[in-house]
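>>> return a 3D structure for these sequence lines:
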Amino acid sequence: MSYDASNRKQVREREKELKIVENNRLAYTRRIMSDAAGRKWMHDILVRCHIWQTAFAATQPDTTAFRLGEQNLGLQYSADVMLPLHKNTF
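Prediction:
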């Protein structure tokens with residue numbers, strides 16, 4: 001079956017599916033962050049993604065682009081870690 005964005009029923013079903021996926025992702029993040037080893041693992045990932053550094057590499061645009069990709073992923077992980085703190089769900 002193909003997706004029809006003009007079909008309100010299909011849109012609602014897809015929204016429900018995406019909400020479940022998002023809730024599962026946040027539940028996994030909460031599980032990882034629930035113990036010290038998980039928090040250390042996440043911190044190590046965020047450090048490797050350079051989220052607390054500049055991604056700019058003078059005279060090396062390819063390196064800058066690569067680091068920006070890493071940083072983007074790290075910022076997404078960071079947002080997942082921080083989001084529950086703002087919702088008071090930890």
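>>> W41 and I32 touch, don't they?
Yes - taking contacts as Cβ atoms under 8 Å, W41 lies within contact range of I32: 6.9 Å. All C-beta atoms are positioned from the backbone trio N, CA, C, and that covers glycine.
>>> these two - which one has more neighbours?
Neighbour count, other Cβ atoms under 10 Å: between W41 and I32, I32 has more, with 17 against 13.
>>> residue contacts, T63?
Applying Cβ atoms under 8 Å, 6 or more residues apart in numbering, we find T63 in contact with A57.
>>> what ranges do the helices span in this protein?
For the chain, helices defined by DSSP state H occupy the ranges 8-33, 36-48, 61-87.
>>> can I get the second one as PDB, trimmed to CA atoms?
In PDB, the C-alpha atoms belonging to helix 36-48 read as follows (Å, rounded to 0.1, in the frame of the first residue of the first chain):
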ATOM      1  CA  ALA A  36      26.900   5.200  35.500                       C
ATOM      2  CA  ALA A  37      28.300   3.000  32.800                       C
ATOM      3  CA  GLY A  38      25.600   4.100  30.400                       C
ATOM      4  CA  ARG A  39      26.200   7.800  31.200                       C
ATOM      5  CA  LYS A  40      30.000   7.300  30.700                       C
ATOM      6  CA  TRP A  41      29.300   5.600  27.300                       C
ATOM      7  CA  MET A  42      27.100   8.400  26.200                       C
ATOM      8  CA  HIS A  43      29.600  11.000  27.300                       C
ATOM      9  CA  ASP A  44      32.300   9.300  25.300                       C
ATOM     10  CA  ILE A  45      30.100   9.300  22.200                       C
ATOM     11  CA  LEU A  46      29.400  13.000  22.700                       C
ATOM     12  CA  VAL A  47      33.100  13.800  23.100                       C
ATOM     13  CA  ARG A  48      33.900  11.900  19.900                       C
END
